[in-house]
Structure formats: structure tokens, C-alpha cells
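**Q** here is the input, now give the coordinates:
(chains A and B)
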Amino acid sequence: MTVSSRSPDVIVVGAGVIGAACAAALSLNGLRVMLLDADFAGGGSTGVAMGHIVVLDDSDAQLALTARSRTLWTELAPGLPRDCEDERRGTLWIAATDAELAAARDRGRVLAMHGVETAILNERELARQEPHLRAGLAGALFVPDDRVLYPPAATRHLVRLAQARGATLREGCAVEAIVAGGVTVRERGGASSTIASAVVVNAAGVDAPILTPGLPIVPRKGHLIITDRYPGLCSSQLVELGYLASAHGAGGASTAFNVQPRATGQMLIGSSRELVGRDRGINEPVLRAMVRRAVDFLPDLANCSILRTWTGFRPATPDNLPLIGRWDPIDGLWIAAGHEGLGITTALATAEIITAGILSQASPISPLPFSPMRTMHPGAAELN
Amino acid sequence: MAALIEIVIDGERHQVVEGMPLAAALLRLGVTTFRTSVQGEPRAPVCGMGTCFECRVTVAGRAHQRSCLIPCSAGLIVETRHA
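**A** As a prediction, this is how the structure comes out:
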């Protein structure tokens, strides 16, 4: 019996931004990668995401991962094709009250300690930078190096980088099971077959627990709105500081002001969070609350036309950190999933951790806080 | 005969027929670029009945108004060639 020369070193399950980034990083490091997707590359949560590359500091681990990944996106930026609509827009964390502005100063100091450039704007400076915001806001924390991009196009670019290094992409190829030594798949309209590979990366997002039972990932639904083109209505990604308080609120639906200027002059309006299983329908009360919140901060939005609204599912974990690393119960299985609303931001650093792990090399940031095994050994995440 | 009224197009006053669709009035005045597409191309009406969205102009400061659906009325302030 001969070993097929076509057998991959690594199978990556799921061609969203996480799987595509893993495929690109593994391929660039000389591994033969096969990237599988039940539908098509960038067709899941990636394709309905906002595309905000943002440094967040809910925890030291999250700050390390988001900052590292933003650095990697910034390095990649000059090579991104135009259709990725990559722009260094910066994020304005808007403080409505003096108390929020004081909290913003504290956050700014934490970010600065980790090498993230920030600036505090007072009421007058904020009004000058974003004249369409309502009057009387206390100020803002500005993070100028945050970016926006168009996630499905960026994902296609990462797939092409992988393919240029010999990776293969199979779309319409649903993985039915991950087993030690490979996967079983069913091609669209075809029969089941087995593909052998010593290493498998489960990057299937909200579907990851279907293939790896025990992964603590649940779909957290969000709504997005896109407007017609109104160039100049805002120039940075605008997010209310209250966002962090509501973003991880358990229980019922929460909404927060989050508006993103696109290269076309359109605006994406978010955001909402709900735990309602896999119900994709528009929740009109939630959508109305989102619009009211947006108009409250940016009154001129009331005169803008909405082109389309849609929903998507963030792959959420109980501790708001992604699951990145080896999954001990199955030999050769690695997990790269559960990135909630930060999958676009953290895709490149996730790929770096996965690649270093598979190659038994040191990764630039500690992988320990992200180990999927922390969910089986409570406390493991505190080893950092 | 319908009355002639005055509207302002890109800062200039023009006499138009009251009640005529704004798109028709603009075409009669020789306007060829109603708006600019996302790729920067000039755009002008196609359907004339509110379906194609090609005839959008800014009216009274509100962007993306379909000029084929707006009757001309005295004092209308219109801007063309916007995004």
C-alpha cells in the first residue's frame, strides 16, 4: 500500500475567516492544507459580520489576542485587494457622561500600557471630529489604529493566499464527523467518504460543537442594518462606551449604539445580542430599539434610507474567550472556534497560535488562556 | 396651462412647470448627471416610475430622493451629482 501524495497534512473544517486564516498560515509554513466548507468560503457568520478590527480589553488575554491580531491585519493591509475595503478608520468609544469619560480615561491608560495608541477627546474635540453626533456628549476614547474591512472579501483573499501555497479548497463538502486520523465528508449530491489526515482543525464556528460534542459554544444572534450612501455622516467607527456593559449581558436581548462607515459611504448600524437558538428571523422590537439608539446618538440617521437588514450568529463561549488549541479527547484534533463577535479581528492571531501549536513552536502570545481544555479543567484559563 | 414656478437646482434658479415630475423637469433643463454611482459614474433616470433608483437627487437636504416621484413645487431646493 502506498501513501497518497495528495493526502493533506492538515484538514481545516470551515472556510470562514478563522478557517481561511488558519489555512493561509499553515500553508505559508509549508504544510499541505485541505480546507473544507459545507457551503462556501465566507458564507457563514463571516459573511454577515460587521468587519470591525478592534482592540478590546475585557481581559488581559483578550487584549493580547486582539492587539496582536490587529497588528497582523495592519501588516497584511497593503496587500489586501480593493474589494476588501480595508480602511484605518479608528474607533471612537463615546462617553455620554462624565463618569463614562473617566472610565474611558482608565481604559485608555490600560491600552497605552500595552502599546495601543489612544487619545481622549473632550466634548468640543469630539464634536469637531464627528460633527453629526448629538450635542452634549461628554467626550470619547479614540483608538486611531482600529480598522474596518469587508469580511467575506478578506476571507477569499486568505483562501487565495493558502491556495497559492498549494492548499486545496473544497466547497459544498460537509464534514459529517471528525475522527482520529481524519474526517468523513459528504459532497453535495454525493456519497460519504473518508479523508485521512493526521491533524484536523475544527474551525466550524457555531457548528463546531456539532462536530466536537462538549465544546461550550452557543449562537448569540445579532442584527445589522446597512444604509444607502451618505458620505461624511461619520468618519470613524462609533461605539457607545456602554457597549461593553451590554455586550455580554446574559438573559434577554440587549442593544447598543455601534455605527461603522464603509468605503462606499454606506453605514452599517448595530448592534443587538440575543440568545434565541437558531431563529434567523428579524426581531422587529429589537431592530426598532437598535435604530432608536442609533438615532439618539447620530440624529441625522433619521433621514437615511435603510437598504437591508439581516441577522447572524456569533459563536459565543461562557467566558467570552475563544477556544484555540489542542482538544485532548481526540488525537490530532485542534479547535479554532468560539470567537463570538471578534472572529474577524482575532482570526490572524488565532491562526498564528494554531500554526505554532501544530508545529510545536512558541507563539508570540501565550496560548494557555485560550485552551479549549479549560472548559474541562476549570481554572486552566488562569494559568496565564 | 399649468403654472410656471421657480425651483433651485445646484444653486441656480430655474422656471419649471408646477406638478411636473422633478426628473422630467431636470431632463428638460438638460441635466444629464442626476447622481454619481459608487464607482464614480454618472447616472440618470431609466424607468421613470420609482423602480430603478437611478434618478436619485438630494431634495431639501435629504439625499437619495427619487426625482421621478417628486412633483415640482415652488421653492424646491435640488442638488445633483451626489454619491
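**Q** who are the contact partners of A:H132?
**A** By C-beta atoms under 8 Å, 6 or more residues apart in numbering or on different chains, A:H132 lies in contact with A:233-234, A:298-300. All C-beta atoms are positioned from the backbone trio N, CA, C, and that covers glycine.
**Q** could you dump those residues to a markdown table with distance to chain B and secondary structure?
**A** A markdown table is the format used below for the contacts of A:H132 (distance: C-beta to the nearest C-beta, whole Å; DSSP: H, G, I helix; E, B strand; the rest coil):
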| residue | distance to chain B | secondary structure |
| --- | --- | --- |
| A:L233 | 9 | coil |
| A:C234 | 14 | coil |
| A:L298 | 15 | coil |
| A:P299 | 13 | helix |
| A:D300 | 10 | helix |
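**Q** what's the most distant pair in these?
**A** In those, two members sit farther apart than any others by C-beta to C-beta. They are A:C234 and A:P299, at 12.0 Å.
**Q** and of the contacts of A:H132, the nearest to A:Q361?
**A** Closest to A:Q361, out of all of the contacts of A:H132 and judged by C-beta to C-beta, is A:C234, at 41.9 Å.
**Q** packing partners for the helix or strand hosting A:G312?
**A** Per DSSP states H and E, A:G312 falls inside strand A:306-316. Helices and strands touching strand A:306-316, by 3 or more C-beta pairs under 8 Å, 6 or more residues apart in numbering or on different chains; DSSP states H and E, are strand A:218-227.
**Q** could you list the low-pLDDT ranges of the chain?
**A** No chain specified, so I'll use chain A. When residues are selected by pLDDT under 70, those of chain A lie in A:1-6, A:243-251, A:377-384.
**Q** actually it's chain B I care about, not the one you picked
**A** B:1.
**Q** sorry, back to before: from the contacts of A:H132, list the buried ones, please.
**A** Buried by 16 or more other C-beta atoms under 10 Å in any protein chain shown: A:233-234, A:298, out of the contacts of A:H132.
**Q** what is the subsequent helix or strand relative to the strand holding A:G312?
**A** Heading C-terminal from strand A:306-316 (DSSP H and E), you reach strand A:323-326.
**Q** which residues of chain B fall in helices?
**A** Along chain B, counting by DSSP state H, helices occupy B:22-28.
**Q** ok, the stretch 101-250 of chain A next?
**A** A:123-129, A:151-164, A:208-211, A:242-247 (DSSP state H, counting those that start in this stretch).
**Q** so which of those helices has the densest surroundings on average?
**A** Neighbour counts (mean count of other C-beta atoms under 10 Å in any protein chain shown) averaged over each of those peak at helix A:151-164, with a mean of 22.
**Q** one step back: quick check, nearest of the contacts of A:H132 to B:P71?
**A** Taking C-beta to C-beta as the measure, B:P71 sits nearest to A:D300 out of those, at 25.6 Å.
**Q** pretty sure the closest one is in contact with A:G232, am I right?
**A** No: here A:D300 does not reach A:G232: they are 10.2 Å apart, not a contact under C-beta atoms under 8 Å.
**Q** just the strands from the stretch 1-150 of chain A, written as ranges.
**A** Secondary structure of the stretch 1-150 of chain A (DSSP state E, counting those that start in this stretch): strands at A:10-13, A:33-37, A:52-53, A:91-95, A:119-122, A:139-143, A:147-148.
**Q** of the ones you listed, which is nearest chain B?
**A** Smallest distance to chain B across the strands of the stretch 1-150 of chain A (C-beta to the nearest C-beta): 16.4 Å, for strand A:147-148.
**Q** who are the packing partners of the closest one?
**A** By 3+ C-beta pairs under 8 Å, 6+ apart, strand A:147-148 packs against strand A:52-53, helix A:60-76.
**Q** and those: which comes nearest chain B?
**A** strand A:52-53 (21.0 Å).
**Q** tell me the residues of chain B that contact chain A?
**A** B:38, B:61-64, B:83 (C-beta under 8 Å from any C-beta of the partner chain).
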